[in-house]
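1. Model the following, please.
(chains A and B)
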Amino acid sequence: MNNHPLRKSFQKGLVFGILMVFMVLIGFHVIAATLASKLFGANVLRGAIPEIRFMTYIHVLFGIWAGWSASGRTGRTSNRIFQGLVTGLTAGSFIALFDLIMNYLIQTGTDVRWYLSALSFENMDYFLLNLGQMGTIVHLGIYTATGLAGSALAVFIRSEAVQHGWQNLKSNISTFITRINETLPPFVRKYGKYIFYLIVLAVLFILPAQWGSYWNYVVGMVGLYIIAGIGLNIIVGLSGQLSLGYAAFFAMGAYSVGLINAPNPHHLMWGFWPALVIGIIVAVASAVVLGLPIMRLRGDYLAIVTLGFGEIIRIMLKSDLLINFTGGPHGIHDIHGPKLFGKPFTSDVDYVYLIFVGVALSIFLYDRLQDSRTGRAWLAIKEDPIAAQATGVNLQKYKLLALCIGAAFAGLAGGIFSARNQFTGPNDHTMMVSINFLCIIVVGGLNSILGIILGAFALKGLPEILREVENYRLLAFGALLIIMMLGRPNGLWPSSRPLIEKGDCSQIEENKTDEGGKNA
Amino acid sequence: MNSEKKSKPLLKQRNLFKIIRPIFGVLVALFLIWRLYLVFIVQNQYGPETWTRLLISGLIIGGVYSLIAIGYTLVYGILLMINFAHGEVMMIGTFAGYFVFEAAKSINVPSAGNPEMVFANAFPALSILIAFIVGMTAAAISGYFLEKIAYRPLRKAPRLIPLISAIGASIFLQNAAQLLFSPKTRDYANPEVMSRGNGWKFLINGSQVTLTYTGVFTFILSILLMIGLFTLVRKTRLGKAMRAVAMDKNTAALMGIDVDQTISNTFIISGALAGAAGVMWGLHNGLVYYFVGFLPGIKAFTAAVLGGVGNIPGAMLGGMLLGLVESIGPTALGISYQLKDVIAFVILIVILIFKPSGILGEVLSEEKI
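-> Numbers count the residues shown, from 1 in each chain, chains lettered A, B, ... in the order given. Prediction:
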């Protein structure tokens, strides 16, 4: 009877132990402690090792987390606490085994950094809290105790009394908010939405001038990703074609602006605005060239073809074949910025305004497109291509249209991108960039503007701000994608309309398959 | 009257989409003929020795592609999902083999003639065998856990979701390897007998052509593994179960097949093949770093599509063809060797445009097409 939950908590302890050992192997424990010390206000230089107590905090927090997750939601209280104890003990034992190996390495003075680059002596000593052999026992003690504490905490927080109090608090707050709402004058209530928009606009107008250039850089980056994300969302979210080569269209815009408006290699210097328009046109033209022959393909084939297209474009840009035309692997330098009414764009502030205008424009266009006849045709194609065709939607035309409009957005974003950086090279347009775009819209939530904005901030803005974790950014990114897909496949901020429709459909489907075979 | 008027533009539209493909095909064919004419008739600067060299290297690399492509095709045939992280599974195999060889190099086995003798040189066959076993096991285990953690909970989700999850797994594994082993490129420490460049040398047309030991070994081993896999799928109970699950999961479950276990086994087998391919890659090409699995992975998928997804002989044929084209293509078409990746992707696009089901045709489960 007790066998099954115990085995589960044993497994959980093992998972947490492996997780901790993995973190040590990649050297993340030092970074985590640094972040913790920053939270407490200590000033740690980059690369320096923070105080010992912060490592202890990390151990304690990790142990509590393990205990918390081990304690189930139902069952007898003593059982649940016991499960936490087992998990803590297992994790502690696993880590203690690892400690023994580390101690051996330290005592024999074996340097393994050639193979495991993060496992330096300082890092190992720090993980062992500078206690040497004693650290092993201390770890075992810490994890057992904190596993127990974590499960006790979980039992307490999930107990009925606390939950009840929490519900009460929530309902109190919501009644408070509605009461405030009622006291507002009717004018405000009616136009509140527009007032809110105005305030947002005003804030967006004032803020860039106040921020430092770093913030403007980060926000501009996020803005560019929002523009491109909206474009990709038209292709993936609305018309349901998975594209993994979106960076190719981005590159078209960036390189057009670069080639037309830089002294090298062509010295055309036609100015930024015509170059931007040409960039958009080139992006759309490439979408037509790519799209016309491949419109008949099934979903994942389309994905792999677009991936191939993106790689072809990148390799061509990099190759010696086009070195006289595109500058080869060195890219294009000294791209001149735009001029508006005779005033050249000099600082990041100007570009942030330009990007804001671009974002507003793309949101507006997207909004109009989504509810138009075209947008509904796209959604129909996405839901069921055969049914859409039967109702008179020209599949190929609308799919191609989606690809072209999406490419136009990418061209716009790419053009501004290269002008703002004053440089563009083949490494700005790798497959990782395409995947970044895709991740932004999927993590944020397909077909939801707020989701895309949120996704762009989460995936592009946060890593820029948290510079310590720079090396671990992509790792976290990959893990986040898996976790998101497992936990919240509809994104951080799911869109409302298709979810309701699809929700109904999937329920019907599920019932059907359930009848078919429960074992499948 | 009215209806005729309306139907006319519709027809025109269809025609536009229909003539695009032949036009594209003619353009591609003309380009090929022009380049081949230039290289073979006008310039004609390469003798048979060059072509032999390219043929050999193409066959060797083709064998490796075939092994990876089989993994893609097995998984795609059953789950209709591009296992994007398959290249990273191969990378894990390469690293595991690397560590085995490093260990074999550091163990001293003093013998009478040579007190400095190390294990790798004293018992080259044994150390290579251990490297392959360890590499295949590590890759198989990672394939198993990959499926269990990242794909199994998403089996009923819309197709985009597992693909994104696979992309996430690929990014995660790549960066985990980068952080664990640092981004530097390392040399694979082959046993001395098998060092790269060693081989049978013979003369063609007065110039020397080398048939390297690593290359021959790689080619033979990949053929053996393919034969083994083919027998496994055709003759054993497990293979029967795999084919049944690929055809129809629900019915297979009704016939008493453990579908989850069979899918796990598929991932284990494809992981083991990728691991073997990874160790071969290391032995033959000699470099190992965290990004090593990415391009072979993408190209092997191309190979799988080329031969017909879901079709195991197709994957073998596709891998060989892709290896040959990639090796001979740049020279035969007279373009820079930098662009060999472009050739692979162009082949992919052309195949998908003209024959999306591949050379030997797709074999996919009926429920999802």
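
2. For residue B:347, see how far away the nearest residue in space to residue A:352 that is not next to it in sequence is.
-> Nearest residue to residue A:352, sequence neighbours excluded (Cβ to Cβ, 6 or more residues apart in numbering or on different chains): residue A:208, at 4.3 Å. For every residue, glycine as well, the C-beta is placed using N, CA and C. Shown here: residue A:208 relative to residue B:347, a distance of 48 Å by Cβ to Cβ, to the nearest Å.

3. Quick check: the residue of the stretch 301-450 of chain A nearest chain B.
-> residue A:308 (3.6 Å; Cβ to the nearest Cβ).

4. now the helix or strand where that residue lies, how far from the centre of its chain.
-> Using DSSP states H and E, residue A:308 maps to helix A:299-318. Chain-centre distance of helix A:299-318: 22 Å, with Cα atoms, centre = their mean, to the nearest Å.

5. List the buried residues of it.
-> Within helix A:299-318, the residues that qualify as buried are A:300-318, counting by 16 or more other Cβ atoms under 10 Å in any protein chain shown.

6. same question for that helix, mean pLDDT?
-> Confidence for helix A:299-318, expressed as mean pLDDT, is 83.

7. now stretch A:177-190
-> Here stretch A:177-190 scores 76 as its mean pLDDT.

8. Name the nearest residue to the closest residue to chain B within the stretch 51-200 of chain A, ignoring sequence neighbours.
-> For the stretch 51-200 of chain A, the residue closest to chain B is residue A:117, as judged by Cβ to the nearest Cβ, at 3.4 Å. Counting by Cβ to Cβ, 6+ apart, residue B:182 is the residue found nearest to residue A:117 once chain neighbours are left out, at 3.4 Å.

9. other SSEs contacting the host helix or strand of residue B:228?
-> Here residue B:228 sits within helix B:213-235, counting by DSSP H and E. Packing partners of helix B:213-235 (3 or more Cβ pairs under 8 Å, 6 or more residues apart in numbering or on different chains; DSSP states H and E): helix B:48-79, strand B:199-204, helix B:237-247, helix B:259-285, helix B:312-332.

10. weakest of those in terms of mean pLDDT?
-> Lowest mean pLDDT within the helices and strands packed on helix B:213-235: strand B:199-204, a mean of 79.

11. what residue ranges in the stretch 1-150 of chain B score low on pLDDT?
-> Counting by pLDDT under 70, the stretch 1-150 of chain B contains low-confidence residues at B:1-18.

12. If you could redo that for chain A, that was the one I meant.
-> Applying pLDDT under 70 to chain A flags the ranges A:1-3, A:44-47, A:299, A:342, A:467-468, A:495-520.

13. Geometric centre of it: which residue is closest?
-> The centroid of chain A falls nearest to residue A:459 when counting by Cα atoms, centre = their mean (3.3 Å).

14. Quick check: it touching residue A:442?
-> No - checked against Cβ atoms under 8 Å, the pair residue A:459 and residue A:442 is beyond contact range at 10.1 Å.

15. before we move on, back to that, for the helix holding residue A:308, C-alpha coordinates in PDB please.
-> Below are the C-alpha coordinates for helix A:299-318, written out as PDB (Å, rounded to 0.1, in the frame of the first residue of the first chain):
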ATOM      1  CA  GLY A 299       2.900  20.900 -42.400                       C
ATOM      2  CA  ASP A 300       6.200  19.500 -41.200                       C
ATOM      3  CA  TYR A 301       7.600  19.300 -44.700                       C
ATOM      4  CA  LEU A 302       6.900  23.000 -45.000                       C
ATOM      5  CA  ALA A 303       8.800  23.500 -41.800                       C
ATOM      6  CA  ILE A 304      11.800  21.700 -43.000                       C
ATOM      7  CA  VAL A 305      11.800  23.400 -46.400                       C
ATOM      8  CA  THR A 306      11.600  26.800 -44.900                       C
ATOM      9  CA  LEU A 307      14.500  25.800 -42.600                       C
ATOM     10  CA  GLY A 308      16.500  24.700 -45.600                       C
ATOM     11  CA  PHE A 309      15.600  28.000 -47.300                       C
ATOM     12  CA  GLY A 310      16.800  30.000 -44.300                       C
ATOM     13  CA  GLU A 311      20.100  28.100 -44.200                       C
ATOM     14  CA  ILE A 312      20.600  28.500 -48.000                       C
ATOM     15  CA  ILE A 313      20.200  32.300 -47.700                       C
ATOM     16  CA  ARG A 314      22.600  32.400 -44.700                       C
ATOM     17  CA  ILE A 315      25.300  30.300 -46.400                       C
ATOM     18  CA  MET A 316      24.900  32.300 -49.600                       C
ATOM     19  CA  LEU A 317      25.400  35.500 -47.800                       C
ATOM     20  CA  LYS A 318      28.400  34.100 -46.100                       C
END
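
16. other SSEs contacting it?
-> Partner elements for helix A:299-318 (3+ Cβ pairs under 8 Å, 6+ apart): helix A:246-260, helix A:272-294, helix A:431-444, helix B:160-181, helix B:294-307, helix B:340-354.

17. rerun that using 7 Å as the cut-off
-> helix A:246-260, helix A:272-294, helix A:431-444, helix B:340-354 (3 or more Cβ pairs under 7 Å, 6 or more residues apart in numbering or on different chains; DSSP states H and E).

18. Run the chain-centre distance for the helix or strand following it.
-> Going down the chain from helix A:299-318, the next helix or strand is helix A:323-326, by DSSP H and E. Centroid separation for helix A:323-326 versus its chain: 34 Å, with Cα atoms, centre = their mean.

19. For helix A:323-326, buried residues please.
-> Within helix A:323-326, the residues scored as buried using 16+ other Cβ under 10 Å are residue A:326.

20. Please list the residues outside that helix that contact it.
-> Helix A:323-326 is contacted from outside by A:255, A:265, A:317, using Cβ atoms under 7 Å, 6 or more residues apart in numbering or on different chains.

21. nearest to residue B:49, of those?
-> Nearest to residue B:49 among the contacts of helix A:323-326, counting by Cβ to Cβ, is residue A:317 at 34.3 Å.

22. Residue B:338 versus that closest one, what's the distance?
-> Remark: distance between residue A:317 and residue B:338 (Cβ to Cβ) = 12 Å.

23. before we move on, back to that, quick one: contacts for the closest residue to the residue nearest to the centre of chain A other than its chain neighbours?
-> Closest residue to residue A:459 apart from its sequence neighbours, by Cβ to Cβ, 6+ apart: residue A:440 at 5.3 Å. Residues near residue A:440 by Cβ under 7 Å, 6+ apart: A:225, A:229, A:452, A:455, A:456, A:459.

24. can you redo the residues you listed as a markdown table with secondary structure and distance to residue A:51?
-> Formatted as a markdown table, these follow (DSSP: H, G, I helix; E, B strand; the rest coil; distance: Cβ to Cβ, whole Å):
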| residue | secondary structure | distance to residue A:51 |
| --- | --- | --- |
| A:225 | helix | 37 |
| A:229 | helix | 41 |
| A:452 | helix | 41 |
| A:455 | helix | 36 |
| A:456 | helix | 36 |
| A:459 | helix | 32 |
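
25. okay, among those residues, which ones form the most distant pair?
-> Among the contacts of residue A:440, the pair separated by the greatest distance (Cβ to Cβ) is A:452 and A:459, at 10.6 Å.

26. isn't residue A:413 right up against residue A:252?
-> No - proximity of residue A:413 to residue A:252 does not meet the contact threshold set by Cβ atoms under 7 Å, at 10.9 Å.

27. Which one of these two is surrounded by more residues?
-> Using other Cβ atoms under 10 Å in any protein chain shown as the criterion, residue A:413 and residue A:252 rank with residue A:413 on top: 32 against 27.

28. so the more buried one is in which element?
-> Per DSSP H and E, residue A:413 falls inside helix A:395-421.

29. gap between that helix and the chain center?
-> Computed by Cα atoms, centre = their mean, the separation of helix A:395-421 from the middle of its chain amounts to 21 Å.

30. Pull out the buried positions in it.
-> Neighbour counts over helix A:395-421 (16+ other Cβ under 10 Å) mark A:395-396, A:398-421 as buried.

31. Briefly note if that helix comes near chain B.
-> Yes - with Cβ under 7 Å from any Cβ of the partner chain as the criterion, chain B is reached by helix A:395-421 at A:396, A:397.
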